[in-house]
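In: predicted structure and sequence below. I'll ask about it afterward.
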Amino acid sequence: MSIFVAEMLPDGIVFAADKNLTLPFVDRTGTALGGVQELGSKVLRWPRSTGLLGYVGLAEVGNQSMYDWLYDFIGDHIGFTDPAPVAASLRDRLQLQLGPNAEATIVQFAAYAIRDGC
C-alpha cells in the first residue's frame, strides 16, 4: 500500500509520499513471478520550485521507471507559465503510454498560477 499526501497552502505546496516501490519480477517470457521491493522517490520538483509532481501506484511507464518518465516530462515543460497545458499534456501522455488496461496509478501535479491579477 502507498501513501501520498498533498496540501495546498497560501505560502506553498506540500507533497509527501512513502518511499516503497513495488516492481514486477518477470521471467524471459514476461510471466509475472512476483514483486520486488525497492526504495525510491515518488515526489519530483520543477527547477525554481514552479511545480511538483508526485505519484503512487504503478512504478513503471513502458520500459522506464515512473520517476525517470516524470523527470523527462518535467524537462519537456521546464519553463511553463500556465499549468493548464502542462496538466493536459501529462494526462494525455500517460493515457497514451500506459494504455487502457494499465494498473491503477495516481499522478498529482500542482503549481500556482496567476488568475485575474492574483
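Out: That came in fine, so what should we check first?
In: I'd like to know which helix or strand in the chain has the lowest mean pLDDT.
Out: The weakest-scoring helix or strand in the chain, judged by mean pLDDT, DSSP states H and E, is strand 20-26 (a mean of 71).
In: give me the sheet partners of the helix or strand following that strand and which way each runs.
Out: Using DSSP states H and E, the next helix or strand after strand 20-26 towards the C-terminus is strand 32-39. Here strand 32-39 is paired, per DSSP bridges, with strand 20-26 (antiparallel).
In: ok, the closest residue to V56 other than its chain neighbours - contacts?
Out: Leaving aside its sequence neighbours, V56 sits nearest to S2 (CB to CB, 6 or more residues apart in numbering; 3.7 Å). To be clear about C-beta, it is placed using only N, CA and C from the backbone, and glycine gets the same treatment. Contacts here follow CB atoms under 8 Å, 6 or more residues apart in numbering; on that basis S2 touches 17-18, 20, 42, 56-57.
In: hang on, S2 in a strand?
Out: No: assessed with DSSP: H, G, I helix; E, B strand; the rest coil, S2 is coil; it does not lie in a strand.
In: if anything else comes up later, I'll come back, but that's it for now.
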